[in-house]
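Colleague: I'd like to go over a predicted model; first the sequence, then the structure.
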Amino acid sequence: MPDLEASPGADLEKRIARLEAESQIRQLVARYSFDIDDRWIDAVRALFAEDAVLRSHDGVMHAAGPDAIMAQFDGRFAVLGPGHHVMHDIQIDFVDDETATGRVAGHAELMRHGRMMVAAIRYDDRYRKTPAGWKFAERVIGFLYYVPVEAYPGILARPDRNHAYAEPKLADYPERLPSWISYEQARKA
């Protein structure tokens, strides 16, 4: 027969631990934005697990391990001026007590190659609990748009909404998402 006296307390402890873990992951996401914008390089490095991967959906970015990740950031910072990253919605799904996945939606205002740009960003994350706290195990960045401010009006009417490079590229989402494709196919059928 189960010990009914121990069960409610154990359940409460697990629920509190899960809430604490979620809070720590939310802090991790916030630190990323602030530390990137402030160029607090040692703090940025500390956000990633030793075997972490940072990449982009378009394949331009791909780095494995903190040294490669920081070298990749150095390359990005070489073309970026001041920026302001703001994260809005954070969805966290726990796999177990040590790992979680997440989706983070945000916006950024930044200078790139001397031009004022705006971007709508989505991160697909994997988080891992380490002895030093929760870290990014993988972070994949995608763009709904990344455009000079003068190109912002009407940008959602075009598929080539990523203007971060010399030639505009297709947006990473939503048109490429399986759910979007399936819905559009069913709608047209």
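Modeller: Looks like it arrived, so ask away. Residues are numbered from 1 along each chain as shown.
Colleague: give me the buried positions along stretch 112-125.
Modeller: Neighbour-count burial for stretch 112-125, counted by 16 or more other Cβ atoms under 10 Å, picks out 112, 117, 118, 119, 120, 121, 122, 123, 124, 125. Backbone N, C-alpha and C define where each C-beta goes, glycine included.
Colleague: ok, and what's touching it?
Modeller: With contacts defined as Cβ atoms under 8 Å, 6 or more residues apart in numbering, stretch 112-125 is touched by 29, 79-81, 85, 101-111, 136, 138-149, 152, 163-164, 172-173.
Colleague: now do stretch 53-72: distance to the chain's middle.
Modeller: 13 Å (Cα atoms, centre = their mean, to the nearest Å).
Colleague: stretch 174-189 too?
Modeller: Here stretch 174-189 shows a centroid-to-chain-centroid distance of 23 Å under the convention Cα atoms, centre = their mean.
Colleague: CA atoms of stretch 80-94 as PDB?
Modeller: Provided in PDB are the C-alpha atoms of stretch 80-94 (Å, rounded to 0.1, in the frame of the first residue of the first chain):
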ATOM      1  CA  LEU A  80      27.300  44.200 -36.000                       C
ATOM      2  CA  GLY A  81      27.100  47.400 -34.100                       C
ATOM      3  CA  PRO A  82      24.900  48.100 -31.100                       C
ATOM      4  CA  GLY A  83      21.900  45.800 -30.800                       C
ATOM      5  CA  HIS A  84      18.800  45.200 -28.700                       C
ATOM      6  CA  HIS A  85      17.500  41.700 -28.500                       C
ATOM      7  CA  VAL A  86      14.100  41.200 -26.800                       C
ATOM      8  CA  MET A  87      12.700  37.700 -26.200                       C
ATOM      9  CA  HIS A  88       8.900  37.500 -25.900                       C
ATOM     10  CA  ASP A  89       7.500  34.000 -25.600                       C
ATOM     11  CA  ILE A  90       9.400  31.000 -24.200                       C
ATOM     12  CA  GLN A  91       8.000  27.500 -24.400                       C
ATOM     13  CA  ILE A  92       9.900  25.000 -22.300                       C
ATOM     14  CA  ASP A  93       9.200  21.200 -22.500                       C
ATOM     15  CA  PHE A  94      11.000  19.000 -20.100                       C
END
